[in-house]
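Q: A predicted structure for the sequence below; I have some questions about it.
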Amino acid sequence: MFTGASNLADGVDKAFLFIFIIAFIFIIGISAFMIWTLIHFSRKKGKAPMQFSGSMKLEVVWTVIPTILVLLMFWIGWKGFAPMRRVPPDAMRVTAIGRMWEWEFVYQDSMRSKELVLPINKPVKLDLVSEDINHSLFIPAFRVKEDVIPGYDNWLWFTPNYIGDYEILCTEYCGLLHSAMIAKTRIVEQEEFDKWLADLRTASFIPDPEGLVLLRGTGCLACHSLDGAKLVGPSFRGFYGSQRIVTSGNTQKTITADDEYLISSIYNPDEQIVEGYSRGLMQSYRGLLNESDISIIAEYLKTLNGENQ
Ligand SMILES: [Cu+2]
């Protein structure tokens, strides 16, 4: 009947369905009784109301039945919840990092991936780490959701049991691009997973350019793309040496994107705003990036200009 894609989905769905059916019966029953009362005791019919007080039978009925129902809800809910906090000892460990505004997954030996690739039918424990503010990791298809809080060791686990691609969402409002904080989990056969992991290992042995490491580590890439896509701020692609129209105070002018402009944009981001973008969205990175960091970034940005330069 349901198509949850993890071992935990069944327990969650059963509790949900049970509570839903009871709520449904009650809303229909109560509404029907209210409508019947309105019609039956209408003033036009001229029925005299009956007066009475106290009914042991009624008191017992409306105490005992709801008590049984909520105890059943608790029991069914508990049976779905308890396994979520019992991790199998052989579970594979992956660290899930949340930051404004992306997810990153770290496999053994600090291999990093933007996509959570997992082998089918193998339990996995995700250690949840936030690098900035509160986030919450939610994989609807697996029926798992847990807060990702800075400085707090939260985790979740599940065993994926269907091959496929599923969405990972952030479900704790975390600022401007919260709604874009989406990643993918891909459940594959064991052999395909082994191959993917081996490729990831190979890729992580080729060191990234130092400038890229700085950009990534400082969180620049959440707002500035490397591929020309327009995010919160202008893309880094084709940036270096380009002519751009900026607003400084009330005056518009055309400037060349050079070292000086780069330093000014990083330390005083609101001073010169590129046409089509908004003021007040970027903090100053003075103290986080020094001038030698910026010249390393500048060297890296030059390599992003492709054939144009
Ligand atoms: Cu978030």
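A: Received the coordinates, thanks.
Q: C-alpha only now, for contacts and for neighbours.
A: Will do.
Q: could you pull up the contacting residues of the residue in the chain positioned nearest to the ion?
A: Nearest to the ion in the chain, going by Cα to the ion, is H135, at a distance of 4.0 Å. H135 makes contact with G98, R99, D147, V148, I149, C170, T171, E172, Y173, C174, according to Cα atoms under 8 Å, 6 or more residues apart in numbering.
Q: out of those residues, grab the one that's most surrounded.
A: V148 (28 neighbours; other Cα atoms under 10 Å).
Q: what's across from that residue in the sheet?
A: Counting by DSSP bridges, V148 forms beta bridges with H135.
Q: so it touches E131, yeah?
A: No. Counting by Cα atoms under 8 Å, V148 stays clear of E131, with 9.3 Å between them.
Q: hey, what's in contact with both of the two?
A: Listed as contacting both V148 and E131 by Cα under 8 Å, 6+ apart are G98.
Q: the contacts of H135: which ones sit near the ion?
A: C170, C174 (Cα under 5 Å from the ion).
Q: just the ones of the contacts of H135 in strands?
A: Among these, the subset assigned to strands under DSSP state E consists of G98, R99, D147, V148, C170.
Q: tell me which two in those are the farthest apart.
A: Farthest pair in those (Cα to Cα) is R99 and D147. Separation: 12.7 Å.
Q: the chain against the ion: which residues are in contact?
A: So far as Cα under 5 Å from the ion goes, the chain lies against the ion at H135, C170, C174.
Q: now do the helices in this structure.
A: 9-40, 56-81, 190-205, 210-217, 259-267, 291-302 (DSSP state H).
Q: number of nearby residues for F24?
A: Using other Cα under 10 Å: F24 sits among 12 other residues.
Q: again, but for M181
A: Other residues within reach of M181, judged by other Cα under 10 Å, total 20.
Q: how far away is it from K47?
A: Distance, M181 to K47, using Cα to Cα, to the nearest Å: 62 Å.
Q: swap in G175?
A: 60 Å.
Q: repeat that for G80.
A: Taking Cα to Cα, one finds G80 at 51 Å from K47.
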